[in-house]
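Visitor: 3D, please:
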Amino acid sequence: MPVSMYKISVPVFIRALNVLAGLLDKAEAHAAEKKVPLDDLFNARLAPDMLPLSGQIQRVSDTSKNAIGRLTGVPAPSFPDEEKNFAELRERIAKTIAYLETVKPSDLEKSEDREVTISFGKLKFTFTGVDYLLKFALPNFFFHVTTTYDILRNRGVAVGKVDYLGTYN
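Guide: The predicted model follows:
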C-alpha cells in the first residue's frame, strides 16, 4: 500500500507541534525553578544571526500550515508574528494544530504531482508536491523544531531525546 501525502504531512506536523508544546512546558518549569525570566528564554538564540526561540516556533507554525496550503492549493491561514510571551506561543501552536486538524486525507489526493514554486529573493525553486514536501517542507520544519530544542538545551532546560521524540500514540 502506498504512503499518502496526508500521512507523511499532517500527522507528522501535528505530532511535532505537540512536542513543541511539551518543550515549552519544560522551559516554563525550568524558568520557575531556576528563577530565570521567561523573556530570557523567549528571546534566546543560538547565534546572533539566528532567530530567537519565538521566531523558531513561528517558523514551525508557518512551515507546516503553508506546506499544506501549497499542497492543497487552498491558502493557509496567516498568523502575524506578534507573539510576546509563552502563552501567545502556545496559542499559535494550538491555532496551527486546529487548522491542520481540518485537513482531510482527500484534500491532499493527487498533491504529489502538484507544481509548487517557492521564492527566496531572486532564487526560485519549482518542485513536484512530493519533492517539495520531502526535500524542502519537512526538512525546513524539523530544522526549526530542532533549533527550538537546541536553544532550550543550550539555556540549561532539562530536555532530552525523549522530549524531542515525543509520544507514539
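Visitor: So what's the gap between stretch 93-102 and the chain middle?
Guide: Relative to its chain's centre, stretch 93-102 lies at 11 Å (CA atoms, centre = their mean, to the nearest Å).
Visitor: now do stretch 136-156
Guide: 9 Å.
Visitor: On the three-state scheme, the spatially most central residue of the chain is what?
Guide: Taking CA atoms, centre = their mean, the centroid of the chain lies closest to Val60, which sits 2.2 Å from it. In three-state terms, and counting by DSSP: H, G, I helix; E, B strand; the rest coil, Val60 is helix.
Visitor: quick one: contacts for it?
Guide: 16-17, 20, 96, 141, 144-145, 148 (CB atoms under 8 Å, 6 or more residues apart in numbering). From N, CA and C alone the C-beta is placed, and that goes for glycine too.
Visitor: So for the helix or strand harbouring Phe13, mean pLDDT?
Guide: Applying DSSP states H and E as the criterion places Phe13 in helix 10-34. Mean pLDDT, helix 10-34: 97.
Visitor: so what does that helix touch, helix or strand wise?
Guide: Here helix 10-34 touches helix 38-42, helix 53-72, helix 86-100, helix 138-154, helix 161-165, going by 3 or more CB pairs under 8 Å, 6 or more residues apart in numbering; DSSP states H and E.
Visitor: What average pLDDT does the last one get?
Guide: Helix 161-165 shows an average pLDDT of 92 in the prediction.
Visitor: re the thing from before, distance to Pro11 added to the helices and strands packed on helix 10-34, as a markdown table?
Guide: Listed next are the helices and strands packed on helix 10-34 as a markdown table, based on distance: least, CB to CB, whole Å:
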| stretch | distance to Pro11 |
| --- | --- |
| helix 38-42 | 28 |
| helix 53-72 | 11 |
| helix 86-100 | 9 |
| helix 138-154 | 12 |
| helix 161-165 | 15 |
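Visitor: Out of those helices, indicate the one that is most buried.
Guide: Of all these, helix 53-72 has the most neighbours on average by mean count of other CB atoms under 10 Å, namely a mean of 23.
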